[in-house]
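**Q** mind looking at a prediction? Sequence and model below.
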Amino acid sequence: MIVLGIETSCDETAAAIVTADRRILANVVLSQLDEHRPYGGVVPEIAARAHLDHIDRLVAEAMAEAGLGFADLDGVAATGGPGLIGGIIVGVMTAKSIAAVHGKPFVAVNHLEGHALTARLTDDVAFPYLLLLVSGGHCQLLLVEGVGGYTLLGSTIDDAVGEAFDKTAKMLGLPYPGGPALERAAAGGDAARFALPRPMLGRPGCDFSFSGLKTAVRQKVEQMPRPLPEAALADLAAGFQTAVCESLAGRCRNALKQLSVSHPQVRTMVVAGGVAANQAIRTALTGLCADFDYRFVAPPMKLCTDNAAMIAWAGIEKLRLGETAPLTFAPRPRWPLDPDAVTTQVRAT
Ligand code: ATP
Ligand code: MG
Ligand code: FE
């Protein structure tokens with residue numbers, strides 16, 4: 001089984017071709033960093049236009065790299081949401097057109113499901129597993145019991161963790177995108193120099209919070225001369241990153257404790273989403289999993305940040321179950337993984 005995947009939900013335009021036996025035949029990603037950099041964040045209208053400008057060429061590149069024609073495909077998958085509506089429309093229309101013209105099934109993939117199932121493309125990971133999804137728009141702990149079987153254990157009550165990285169990086173005067181820049185700035189910094197809070201640590205439950213930490217960094221920055229002295233920048237970045245690691249690990253610890261009672265058969269923890277590229281977070285979670293005798297799986301960094309291989313793979317997982325979508329499928333800018341969950345999430349400004 002061979003599936004073409006298309007990803008356009010945020011600021012990466014991507015096309016990939018993946019097989020059911022877990023081979024990535026092509027994986028092309030075009031990041032729109034240059035388009036959005038002057039604004040310090042993603043501008044939805046610019047993103048939608050850029051997707052439209054590039055998607056046909058990227059699909060053609062992916063097909064050529066794989067040495068395939070559309071007739072060789074078993075299905076066409078696209079991100080159907082959640083994300084920025086303009087971009088999702090571009091990807092979904094492109095996938096539907098290819099599917100309609102070549103008589104192939106169309107699969108609408110939840111972008112978060114793409115992140116959630118990536119570990120099954122890159123490693124031998126069986127259901128069930130605990131998933132920490134940490135990305136630009138989300139911070140969630142989920143029990144994954146099967147394709148489509150997601151139970152939300154906790155989520156952020158304010159900022160997503162990637163959002164906190166990006167906003168904190170901006171405060172520190174680091175370039176966009178902030179996450180990777182902040183990780184680089186933190187290298188060699190003294191994490192203990194500034195006292196920063198560990199949000200939610202020690203409290204019951206698995207919800208997250210990052211806005212208080214972000215505010216604490218801002219208060220420190222406001223007491224400093226501008227531009228920030230190099231050492232202060234490194235120390236603040238290191239302090240922030242360490243606080244995030246400890247906060248994340250503490251909340252995951254609660255989830256592992258909870259699961260050891262309710263679902264002792266769960267023995268694997270997976271991290272996914274763009275923030276999973278962060279080495280300090282990976283190290284913190286590796287140690288935590290060792291404490292619980294859990295296997296820890298983190299996909300390669302290239303497949304943690306947005307890409308279409310994860311969409312093609314989720315497409316394969318869904319296609320194997322017969323879960324295709326009609327050509328009347330409407331993009332879903334909001335599309336929770338666990339529709340039954342009652343969340344308290346509010347967007348912080
Ligand atoms: P979502 O998946 O929730 O819709 P998104 O698709 O925009 O959001 P991803 O592309 O999965 O998010 O991840 C992007 C985020 O990951 C950004 O916030 C970025 O700063 C963050 N990120 C990437 N690399 C790192 C890193 N090394 N350390 C910390 N954060 C990182
Ligand atoms: Mg992105
Ligand atoms: Fe993403």
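**A** Looks like it came in fine. Residues are numbered from 1 along each chain as shown. Ligands and ions are numbered 1, 2, ... in the order given.

**Q** distance-wise, check residue 212 relative to residue 59.
**A** To residue 59, residue 212 is 43 Å away according to Cβ to Cβ, to the nearest Å. Glycine gets a C-beta too; all of them are placed from N, C-alpha and C.

**Q** so for the two, which residue has more residues nearby?
**A** For the pair residue 212 and residue 59, the greater number of neighbours falls to residue 59 (25 against 17), based on other Cβ atoms under 10 Å.

**Q** can you pull the contacts of that one?
**A** Taking Cβ atoms under 8 Å, 6 or more residues apart in numbering, we find residue 59 in contact with 4, 6, 15, 94, 98.

**Q** quick check: it vs ligand 1, distance?
**A** Plainly put, residue 59 is 20 Å away from ligand 1 if you go by Cβ to the nearest ligand atom, to the nearest Å.

**Q** hang on, the earlier thing: now render the contacts of residue 59 as TSV, adding secondary structure.
**A** Shown next, in TSV, are the contacts of residue 59 (DSSP: H, G, I helix; E, B strand; the rest coil):
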residue	secondary structure
4	strand
6	strand
15	strand
94	helix
98	helix
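
**Q** tell me the phi and psi of the closest residue to residue 39 other than its chain neighbours?
**A** Nearest-residue entry for residue 39: residue 46, 7.9 Å, with adjacent residues in sequence omitted and distances by Cβ to Cβ, 6 or more residues apart in numbering. Main-chain torsions, residue 46, degrees, to the nearest 10: phi -70, psi -40.

**Q** now residue 46: how far from residue 177?
**A** Here the criterion is Cβ to Cβ. By it, residue 46 lies 15 Å from residue 177.

**Q** residues near the residue nearest to residue 39, how many?
**A** Residue 46, neighbours per other Cβ under 10 Å, totals 16.

**Q** residue 65 now?
**A** Each residue near residue 65 was counted by other Cβ under 10 Å, and the total is 15.

**Q** residue 246 now?
**A** The number of residues packed near residue 246 is 16, by other Cβ under 10 Å.

**Q** ok, now residue 209?
**A** Tallying neighbours of residue 209 according to other Cβ under 10 Å, which is how burial is gauged here, yields 20.

**Q** just checking, it touches residue 160?
**A** No - with contact taken as Cβ atoms under 8 Å, residue 209 and residue 160 are classed as non-touching, separated by 11.0 Å.
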